[in-house]
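Colleague: the following comprises the amino acid sequence and a computationally predicted model.
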Amino acid sequence: MPTRIIAKTPPRLDADLIARFASVPVAVVVDLLEGRTQVDPAIRPLRRIAGGPTLLGSAVTAVCDPKDYGAVHHAIAVAQAGDVVVIDAGGRSDVAMIGDLLSTAARRKGIVGLVVDGAVRDTGILGGWGDFAVFTRHVTARGPASKDGGTVDAPATIGGATIHPRDLILGDDDGVVVIPRDAAEGLIAKAEERAQAEIGWEKRLSAGETTLAVFGVPDAVGG
């Protein structure tokens with residue numbers, strides 16, 4: 001069956017709203033959403049994110065058939081600058097769904113990175129790009145066997161989290177979290193407030209206050 005592309009998808013969120021999440025740590029969003037949309041922490045970045053930009057963008061999904069990467073090709077074609085290509089390969093480790101050639105094509109389009117619940121290869125190249133973040137569950141040298149299956153822009157399951165087309169993807173060294181498209185506007189102010197609070201807590205700790213005082217920990221009892 002040829003690769004299917006779901007034509008009817010929600011519009012991308014406003015670029016200014018998306019950009020505001022760049023200053024918010026993944027941990028803040030995960031806590032605010034009580035872990036409901038946290039991606040399995042076993043899906044890790046190939047390179048350290050600290051000191052560079054976080055992974056942040058609208059999701060274009062590629063739901064792949066076993067050993068087939070047709071949906072990845074078409075997802076790259078559908079994606080726009082600033083998007084994140086999310087590859088649902090069922091967590092399989094047998095073949096890589098993407099390597100340096102497709103990733104280079106994606107990077108040239110302005111796609112900002114990948115989240116792969118499966119495997120990638122050519123990690124020496126992919127892990128060296130500061131402007132293109134790759135999060136993956138597995139690494140393998142073996143490539144796919146076909147390129148004519150799968151679906152683009154269908155709901156995907158990545159590390160236990162459901163991702164719908166144009167949801168926001170946020171990734172840093174702590175992992176990846178999905179920000180549901182319909183929740184983003186209502187979440188951003190709370191996320192920014194929490195991020196600023198953490199900066200304040202750090203200043204108080206640096207000034208010598210105890211963690212008991214800064215975090216309002218109840219008194220312990222003797223025993």
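Modeller: Yep, it's here.
Colleague: so for the lengthiest helix in the chain, mean pLDDT?
Modeller: Using DSSP state H to define each element, the chain has its longest helix at helix 184-206. Averaged over helix 184-206, pLDDT sits at 95.
Colleague: quick one: contacts of that helix?
Modeller: The contact list for helix 184-206 (CB atoms under 8 Å, 6 or more residues apart in numbering) reads 13, 17-18, 20-21, 23-25, 28-29, 31-33, 168, 179, 211, 213-215. C-beta: built from backbone N, CA, C; applies to glycine.
Colleague: can you show me the strands along the chain?
Modeller: Taking DSSP state E as the criterion, the chain contains strands spanning 4-5, 44-45, 55-63, 83-88, 96-98, 113-120, 133-139, 151-152, 156-158, 161-163, 168-172, 175-179.
Colleague: mark which of the contacts of helix 184-206 are buried, thanks.
Modeller: Buried members of the contacts of helix 184-206, counted by 16 or more other CB atoms under 10 Å: 13, 18, 21, 24, 25, 28, 29, 32, 33, 168, 179.
Colleague: next up, the contacts around the last one.
Modeller: If a contact means CB under 8 Å, 6+ apart, then residue 179 has 21, 29, 33, 37, 167, 168, 169, 170, 187 as its contacts.
Colleague: now do the same contact list for the first one.
Modeller: Going back to what we said before, that points to residue 21. 29, 56, 168, 170, 179, 184, 188, 191.
Colleague: before we move on, back to that, now the contacts of residue 179 in a markdown table, with distance to residue 155?
Modeller: What follows is the contacts of residue 179, written out as a markdown table (distance: CB to CB, whole Å):
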| residue | distance to residue 155 |
| --- | --- |
| 21 | 21 |
| 29 | 20 |
| 33 | 18 |
| 37 | 13 |
| 167 | 9 |
| 168 | 15 |
| 169 | 14 |
| 170 | 18 |
| 187 | 20 |
